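A.B. asks: Fold the following and give me the result.
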Amino acid sequence: MNNEMQQNKPSLIMEGIGKSFPGVRALNHVGFKLRRGEIHALMGENGAGKSTLIKVLTGVYLMDEGSVTLDGKPIVIRSPQDAQKHAISTVYQEVNLCPNLTVMENLFLGREPRKMGFIDWRTMNRKAEELLQELNIYADPTAQLDTCSIAIQQMIAIARAVNTKCKFLILDEPTSSLDADEVKKLFTLMRQLKDKGVGIIFITHFIKQVYEICDRITVLRNGELVGEFEVESLPRLELVKKMMGKEIEILSDLAVNKDESKYDGEVPMIDARDLSSGTSNVAPFSLKMYKGEVVGFAGLLGSGRSELVRTIYGADKAVQGQLYIKGKDGKIKKPLDAMKQGMAYLPEDRKADGIFAELSVRENIIIALQAKHGLFKRLRRKDMERYADEYIKLLNIKTASRETPIKSLSGGNQQKVILARWLLTNPEFMILDEPTRGIDIGTKTEIQRLILKLASEGKSIAFISSEMDEMLRTCSRMVVLRDRCKVGELTQTQLNQNTIMRTIAGGEQ
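C.D. replies: Below is the predicted model of the structure:
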């Protein structure tokens, strides 16, 4: 198979694609070209039109205008089934498989080998083993899917697509929940598929990964095509400028007051003493956080960062230790207790734990305040609308209206809605768990600035991020976890990547 010949000529071509929704022009004359045997990054800020373009290509949305050609012949895609007929498959960030079925059942769902009308389990097992072995995926075909890691589940979803003879594979944010080793394994699989002549569209917010794995980049902005570029000829800073449409703001001026001496003699906002929950297996920890302070929580995936803050908030019930809030016994047994004591919690998984997908932007913004007031003290509709409009403007939330279903918004704008929800309750202590994961650079900068502004106003903030640079810019102190145990607490003078990584790796500080 001559990859050079394949890569010289686009095989799948989208031209002049237009798509509108009520009040929003999502795509305006957008083009995209994919060659066989290449990995092509589709880049852009949240709301740039990436998801809409992919949904047009896969038949989830019908385009208003434009055309799609495959190997020079026009094709019509009106449904996901049409896309599959043309060998186009998608693996989404949230794995769309059946967790209660086995690995092999997921691989052959709807295409089970049969013998005399019955499912041929022996043949299915053998074919599953052959497919997994061919793609170097280490999974037991008979294991239930939900016993596999997220990384393995994603690879199984890719294997299923490959087994349906897909020629074009769309990977939508596949690495957002993976650690470094899992990303390497996924990239190995992607390179295997590339060598087999599969054209891959790779959607991601991780610029480093684009330059590691991709051949070309297409950039969208505000529903329009900015351009198509060879990776080698597009420096990273230029890519960021094209995505944002402006010079990237220098973040060095982001600064929080990091004078630790100002807390001497002050009563902590949060004072956890030998606190531990019964469900998360986090070792007993002690921690103090003060008014106006941004404290980062660092550690590898699974280190216990999220579980620690969930214990403080009451999402995981504490079974030992004591929690004091502003010097008084916290008595937090459930999240509603925490809310009433001035706490707010933005969870790691916004889709599963953060948004109410079927509700409007307005309803998502006011729901925490309504819960705080109680069922029998209903907020007036006029007040709900005023609050929603105020925070849509304050946080620059891009939405057609306050009544737009939140599921229609981009990931970054959904995140802003959740932030608006908690800011509306006027909290004194905020837990922000991966608030910028999976969102674009521009929105990240906005959220980082907001975090520091809130700290300057006296709010105490617990901040979790997988991006070390982000935490170094925003945090005044760092708590380090390893294997669900607090192993270090670094002061401002100790905050640098080497010290943090050494602490995570094994050294007590």
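A.B. asks: switch to C-alpha atoms for all contacts and neighbour counts from now on
C.D. replies: Will do.
A.B. asks: Could you list the low-pLDDT ranges of the stretch 301-450 of the chain?
C.D. replies: Applying pLDDT under 70 to the stretch 301-450 of the chain flags residues 301-302, 350-353, 438-440.
A.B. asks: So which residues of the stretch 251-400 of the chain form strands?
C.D. replies: All strands of the stretch 251-400 of the chain, identified by DSSP state E, counting those that start in this stretch, fall at 270-277, 285-289, 294-298, 318-325, 328-329, 343-346.
A.B. asks: Identify whichever of these lies nearest to R378.
C.D. replies: The closest of the strands of the stretch 251-400 of the chain to R378 is strand 343-346. By Cα to Cα, the value is 20.5 Å.
A.B. asks: so how far is the closest one from its chain's centroid?
C.D. replies: Distance of strand 343-346 from its chain centroid, counting by Cα atoms, centre = their mean, to the nearest Å, is 18 Å.
A.B. asks: which strands and helices sit next to it?
C.D. replies: Here strand 343-346 touches helix 411-423, strand 429-433, going by 3 or more Cα pairs under 8 Å, 6 or more residues apart in numbering; DSSP states H and E.
A.B. asks: Turn these into JSON lines, columns for distance to K241 and mean neighbour count.
C.D. replies: JSON lines is the format used below for those (distance: least, Cα to Cα, whole Å; neighbours: other Cα atoms under 10 Å):
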{"stretch": "helix 411-423", "distance to K241": "18", "mean neighbour count": "23"}
{"stretch": "strand 429-433", "distance to K241": "28", "mean neighbour count": "24"}
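A.B. asks: Need those in JSON lines (columns: distance to V24).
C.D. replies: Below are these laid out as JSON lines (distance: least, Cα to Cα, whole Å):
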{"stretch": "helix 411-423", "distance to V24": "15"}
{"stretch": "strand 429-433", "distance to V24": "30"}
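A.B. asks: For R386, which of these is the nearest?
C.D. replies: Closest among the helices and strands packed on strand 343-346, once you apply Cα to Cα, is helix 411-423, at 12.7 Å.
A.B. asks: Summarise which helices and strands that closest one is packed against.
C.D. replies: Packing partners of helix 411-423 (3+ Cα pairs under 8 Å, 6+ apart): strand 343-346, helix 361-373, helix 381-394.
A.B. asks: now the last one and helix 411-423, what's the angle there?
C.D. replies: Just to be clear, that refers to helix 381-394. 130 degrees (axes from the mean of the first three to the mean of the last three Cα atoms, to 10 degrees).
A.B. asks: what comes up buried for helix 381-394?
C.D. replies: M384, E385, Y387, A388, D389, Y391, I392 (16 or more other Cα atoms under 10 Å).
A.B. asks: Equivalent analysis for stretch 129-139, please.
C.D. replies: Buried residues in stretch 129-139 (16+ other Cα under 10 Å): E129, L131, L132, L135, I137, A139.
A.B. asks: From start to finish, how long is it in a straight line?
C.D. replies: Its first and final residues considered, stretch 129-139 spans 9 Å by Cα to Cα, to the nearest Å.
A.B. asks: What of stretch 210-219?
C.D. replies: Terminal residues of stretch 210-219 lie 12 Å apart, using Cα to Cα.
A.B. asks: that older thread, nearest to G117, out of the helices and strands packed on helix 411-423?
C.D. replies: G117 lies closest to helix 361-373 among those, at 49.3 Å (Cα to Cα).
A.B. asks: Distance from the closest one to the middle of the chain?
C.D. replies: Distance of helix 361-373 from its chain centroid, counting by Cα atoms, centre = their mean, is 23 Å.
A.B. asks: Pull out the buried positions in that helix.
C.D. replies: Going by neighbour count (16+ other Cα under 10 Å), the buried part of helix 361-373 is V361, R362, E363, N364, I365, I366, I367, A368, L369, Q370, A371.
A.B. asks: likewise stretch 488-506?
C.D. replies: Quick answer for stretch 488-506 (16+ other Cα under 10 Å): G488, E489, L490, T491, L495, I500, M501, T503, I504.
A.B. asks: Helices - which of these land there?
C.D. replies: Per DSSP state H, helices hold the following members of those: I500, M501, T503, I504.
A.B. asks: Just name the closest of the residues you listed to I75, please.
C.D. replies: Closest approach between these and I75, by Cα to Cα: M501, at 51.4 Å.
A.B. asks: Check the gap between that closest one and G488 for me.
C.D. replies: 11 Å.
A.B. asks: Next: T218.
C.D. replies: Note on T218: its distance to G488, by Cα to Cα, is 43 Å.
A.B. asks: just D71 next, same as before
C.D. replies: Per Cα to Cα, D71 is found 58 Å from G488.
A.B. asks: L193 too?
C.D. replies: Relative to G488, and taking Cα to Cα, L193 is found at 42 Å.
A.B. asks: Could you do D349 as well?
C.D. replies: Distance, D349 to G488, using Cα to Cα: 26 Å.
A.B. asks: swap in A272?
C.D. replies: Plainly put, A272 is 15 Å away from G488 if you go by Cα to Cα.
A.B. asks: How about G44?
C.D. replies: Between G44 and G488 the distance is 37 Å, computed by Cα to Cα.
A.B. asks: Checking N28 next. Helix, strand or coil?
C.D. replies: strand (DSSP: H, G, I helix; E, B strand; the rest coil).
A.B. asks: what residues are up against it?
C.D. replies: By Cα atoms under 8 Å, 6 or more residues apart in numbering, N28 lies in contact with G16, I17, G18, K19, G223, E224.
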